[in-house]
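Chemist: Give me coordinates for this.
(chains A and B)
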Amino acid sequence: MKTRIYVPRDAAARSVGADATAQAILAEGRRRGIDVEVIRNGSRGLLWLEPLVEVVTPAGRVAYGPVQPADVPGLFNQGFISGASHALAHGPTEEIPYLKSQERLTFARVGVTDPRSLEDYLGHGGYRGLKAALDMEPAAIVAAVTTSGLRGRGGAAFPAGIKWKTVLGVDSPQKYIVCNADEGDSGTFSDRMVMEGDPFLLIEGMTIAGIATGATSGYIYLRWEYPDAKAALNAAIATAYEKHYLGENILGTGKRFDLEVRSGAGAYICGEETSLLESLESKRGQVRFKPPLPAIQGLFGKPTVINNVITLASVPIILDKGAEYYQHFGMGRSRGTLPIQLAGNIKHGGLIEKAFGITLRELLYDYGGGSLTGRPIRAVQVGGPLGAYLPESQFDTCLDYEAFTAIKGMLGHGGIVVFDDTVDMAAQARYAMEFCAVESCGKCTPCRIGSTRGMEVIDRLIAGNNPAKQEKLLRDLCDTLTYGSLCALGGLTPYPVLSALNHFPEDFVTSVRARVPA
Amino acid sequence: MTNAKIVNTNALGQVVSRVQIDAVLGICGELKAIPAPLIPVLHAVQEKVGFVPREAVPLIARELNLSIAEVHGVVSFYHYFRQDPGGRHIVHLCRAEACQAVGAAEVEAHAKRTLGVDFHGTTRDGAIRLEPVYCLGNCALGPSIMIDHELHGRVSAQRFDELMQDTRTPAAGGKP
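Modeler: The predicted model follows:
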């Protein structure tokens, strides 16, 4: 009897040796005359256990990890192909508390299925959302997305339904759906995991968006740093065309939707929607003035829906199970679930999809298990490089867009980067300005020049060169950036800078900087 | 490369061969009908030639009916496009916060010291070019680096040395 074994093909799993592990399992099976089939799935998101190997047993899938090639003979010896116990065994995968306690709506299939297999996708509820949408009027699809409460998961949290409604309402012979897959925020990888682990889901979401708004052409703008995601998407797109889920006659309905992946070229600013559109037009990725909104004049001047990967990937379940089902999750005005990414100095880093409302503390300690180094967690940065650094006193904040705004932070794309007590917060503040200087598109003065001046002021401040004056100057400069920048890069860089200064002032004082390890 | 194939040596002393020029023209011919072809063309040129030669800029401009300034503007805007040759392998080292939190700065210092180069520099043997990158999406398993298009996680200084050794060893799939 053939034993089926899952070894992820996710880039994170491969970065710690999943390919070698898969090879070793096949070789060891052959050596012992055991018929083994290795399936390369997405990652379950329990990243500290990667490569996480799952063996299919009559009682379900059983997890072992992290499995290196050297562990493989021992696992066979102990009888892991029948799910036997072992030092690396974690029991039935679905029963692992980290996974079991999640609410996986968008990530329901990621890590479960073979991302290259359309049959697997269909067998696990795939394309039910599209089939429902094909029986609906465009306005009814848009209304479902609006009712679900889905807000843009890229960071700006703008209601997706309103964007779609605007595009639907514009009369134009050509409209576009653009997926923002320029996931540049440090501490985030949920877009990557969906694209690698369940690419048909994104294709389905974009197709529904096309049918809902009358757009017949779509682009996925993917950062070059994600070559595995590119391969996964291109393979899935080819299959979808072949099986008439894309193209000129989708499932025989006469509806058309074409889809293509375009690669970015290393520019953080291209995650900003108007720079992204410029870049898709093969121009310098410089921010556009708004208005006109992309929904009215977007790609090539045509009405364009531009949404993040997770936003679009959340649409199929809304159409499949209904807006009320999705809307039922969450708190306040933050409806549904958020794929949270726990990263940096954390023991159990990974992907946690939960309804809005969980606290940072629960994530950091109940899921994360504290810092990787075992030292106290001193600061976390939520929402990417433009997000605020939060001290321990704010760890009881709920993950909710409005709750984060209230503490002068932002939830962004749901990335949480953890730092232990060896972090130098003045260096982090300086880095925020440096990053802004490196990645500024140069169109507006506060961001282009203010970021460099910001580095210089922070250097003088931490050198103790008339610190009171420098601090005043830094705060004044941050005001200019906040109120005078054209987009969020310049506008939000003050978040990490000022939060570091306000919550960790001691790190900026020369006389106490001896505390900070070099 | 023989002297007969050399058609131009530019101000930077780059040798641009007929083969490279033909490659650029071929790529332009193949892609110029798609909407907004410039960035796809630049990706294809860099993939094939290893960088975007300065000589290629006026050629691409002519073929795509753009101004030289437009093409130069795009090439120079994006961090990923390289205009100088060097480095049979490109090592992108992540400098972003999640990797910083687990010691990326130490790996960066170690890499620069052991390779004897700063960012954008190429080792004397021409094997490795070091580039910074801001996030590889492997934030729970940092510090991360990408060697050509292969991602590596949990890269300590020692692991970095092993990876550089493997990269330089042809037996391990590397080009010396």
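Chemist: Quick check: longest strand in chain A by residues?
Modeler: Ranked by residue count, the top strand of chain A under DSSP state E comes out as strand A:337-344.
Chemist: Partner strands of that one, with direction?
Modeler: For strand A:337-344, the paired strands and their directions (DSSP bridges) are strand A:350-355 (antiparallel), strand A:415-420 (parallel).
Chemist: so where's the chain uncertain?
Modeler: Using chain A. Within chain A, the ranges that satisfy pLDDT under 70 run A:514-518.
Chemist: Sorry, I should have been clearer: chain B.
Modeler: B:1-16, B:170-176.
Chemist: Just the helices from it, written as ranges.
Modeler: The residue ranges that make up the helices of chain B, judged by DSSP state H, are B:18-31, B:38-49, B:56-64, B:68-77, B:97-100, B:104-115, B:157-168.
Chemist: For residue A:61, which of the strands paired with strand A:337-344 is the nearest?
Modeler: Closest to residue A:61 of the strands paired with strand A:337-344 is strand A:350-355 (CB to CB; 17.4 Å). C-beta here means a position set from N, CA and C on the backbone, and glycine is covered the same way.
Chemist: For residue A:234, which non-adjacent residue is closest in space?
Modeler: The spatial neighbour of residue A:234 that comes closest, neighbours along the chain excluded (CB to CB, 6 or more residues apart in numbering or on different chains), is residue A:261 at 6.0 Å.
Chemist: and whatever residue of chain A ends up closest to chain B, backbone torsions?
Modeler: Among the residues of chain A, residue A:349 lies closest to chain B, at 2.8 Å counting by CB to the nearest CB. Its backbone dihedrals place residue A:349 at phi -80, psi 150, with angles given as degrees, to the nearest 10.
Chemist: my guess is it contacts residue B:138, does it?
Modeler: No: the pair formed by residue A:349 and residue B:138 falls short of the contact definition of CB atoms under 8 Å, at 10.0 Å.
Chemist: Count the neighbours of whatever residue of chain B ends up closest to chain A for me.
Modeler: Closest residue of chain B to chain A, CB to the nearest CB: residue B:140 (2.8 Å). Other residues near residue B:140 number 30, with proximity taken as other CB atoms under 10 Å in any protein chain shown.
Chemist: Next: residue A:506.
Modeler: Residue A:506 is flanked by 13 other residues according to other CB under 10 Å.
Chemist: Quick check: it is in a helix.
Modeler: Yes: the assignment for residue A:506 (DSSP: H, G, I helix; E, B strand; the rest coil) places it in a helix.
Chemist: For the residue of chain A closest to chain B, which non-adjacent residue is spatially closest?
Modeler: What sits nearest to residue A:349 in space, not counting adjacent residues and going by CB to CB, 6+ apart, is residue B:140, at 2.8 Å.
Chemist: Ok, residue A:259 next?
Modeler: Nearest one to residue A:259, counting by CB to CB, 6+ apart, is residue A:218 at 4.5 Å.
Chemist: Dihedrals phi and psi, the one you found?
Modeler: On the backbone of residue A:218 - angles per degrees, to the nearest 10 - the values are phi -130, psi 150.
Chemist: so what's it up against?
Modeler: Residues in contact with residue A:218, defined by CB atoms under 8 Å, 6 or more residues apart in numbering or on different chains, are A:176-179, A:206-207, A:209-210, A:257-260.
Chemist: Please pick the buried ones from those.
Modeler: By neighbour count, with 16 or more other CB atoms under 10 Å in any protein chain shown, the contacts of residue A:218 hold A:176-179, A:206-207, A:209-210, A:257, A:259 as buried.
Chemist: Out of these, name the ones that lie in helices.
Modeler: Applying DSSP H to the buried ones among the contacts of residue A:218, the entries found in helices are A:206-207, A:209-210.
Chemist: Quick check: the residue nearest to residue A:259 vs residue A:330, distance?
Modeler: In this structure, residue A:218 lies at 28 Å from residue A:330, with CB to CB, to the nearest Å as the measure.
Chemist: Same check on residue B:28?
Modeler: In this view, residue B:28 and residue A:330 are 50 Å apart by CB to CB.
Chemist: In contact with the residue nearest to residue A:125 when sequence neighbours are not counted, which residues are there?
Modeler: Leaving aside its sequence neighbours, residue A:125 sits nearest to residue A:320 (CB to CB, 6+ apart; 6.7 Å). Neighbour list for residue A:320: A:125, A:128-129, A:132 [criterion: CB under 8 Å, 6+ apart].
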